[in-house]
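> no sequence on this one, just coordinates:
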């Protein structure tokens, strides 16, 4: 079962997200602050992190920078969730790496399909990197 971490400060949005994701078969945990989200991400293996851009205290931008900068969390895909339009999010996220964006409000089936797509793409990307690394290692070994 794929495990998702929601880092979002609105309890009502967390309830809706958690309900939709769990009904689609995902295991879900939530954090209401950036600091709590970083602690949970460091302590768990998540296939996806849904991150609110506008968190109180530590912003989603700061959380993303920290998670993408740590060895144990840099491979976890991060998808921003926000009520801002995509253009505004793009402006605010210049120079910060995230794996995607989902606008709030979100539609049920489309939302779940996007989530599945982010997880699938991340899984295949990791598999491809692993294959390329093995191929490179074989090439180097065959030269010796």
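Now that the structure is in, tell me what you want to look at. The model shown is predicted, which means the values in this text are computed figures rather than measured ones. Residues are numbered from 1 along each chain as shown.
> pLDDT-wise, which helix or strand of the chain ranks last?
helix 108-143 (a mean of 65; mean pLDDT, DSSP states H and E).
> what are the ranges of the strands in the protein?
Along the chain, counting by DSSP state E, strands occupy 3-7, 27-31, 48-52, 78-82, 100-103.
> which of the ones you listed is buried the deepest?
Ranked by mean neighbour count, the strands of the chain are led by strand 48-52 with a mean of 25 (mean count of other Cβ atoms under 10 Å). Yep, even glycine has a C-beta here, placed from its N, CA and C like the rest.
> Pairing partners for that one, with directions?
Here strand 48-52 has these sheet partners by DSSP bridges: strand 3-7 (parallel), strand 78-82 (parallel).
> Tell me which residues are up against it.
With contact meaning Cβ atoms under 8 Å, 6 or more residues apart in numbering, strand 48-52 is reached by 2, 4-10, 17, 37, 41, 60, 63-64, 67, 76-82, 98, 102, 115, 118-119, 122.
> Check stretch 70-86 too.
By Cβ under 8 Å, 6+ apart, the residues outside stretch 70-86 that reach it are 8, 17, 41-42, 46-54, 60, 64, 67-68, 89, 92-93, 98-106, 115, 118-119, 121-122, 126.
> if we can go back for a sec, including distance to residue 72 and mean pLDDT, could the strands of the chain go into TSV?
Output for those, formatted as TSV (distance: least, Cβ to Cβ, whole Å; pLDDT from 0 to 100):
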stretch	distance to residue 72	mean pLDDT
strand 3-7	13	96
strand 27-31	16	96
strand 48-52	13	95
strand 78-82	14	88
strand 100-103	21	82
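> Dump the ones you listed into a markdown table; add distance to residue 110 as well.
Below are the strands of the chain laid out as a markdown table (distance: least, Cβ to Cβ, whole Å):
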| stretch | distance to residue 110 |
| --- | --- |
| strand 3-7 | 17 |
| strand 27-31 | 18 |
| strand 48-52 | 15 |
| strand 78-82 | 14 |
| strand 100-103 | 9 |
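> wait, which of those is closest to residue 21?
Taking Cβ to Cβ, strand 27-31 is the member of these nearest to residue 21, at 4.8 Å.
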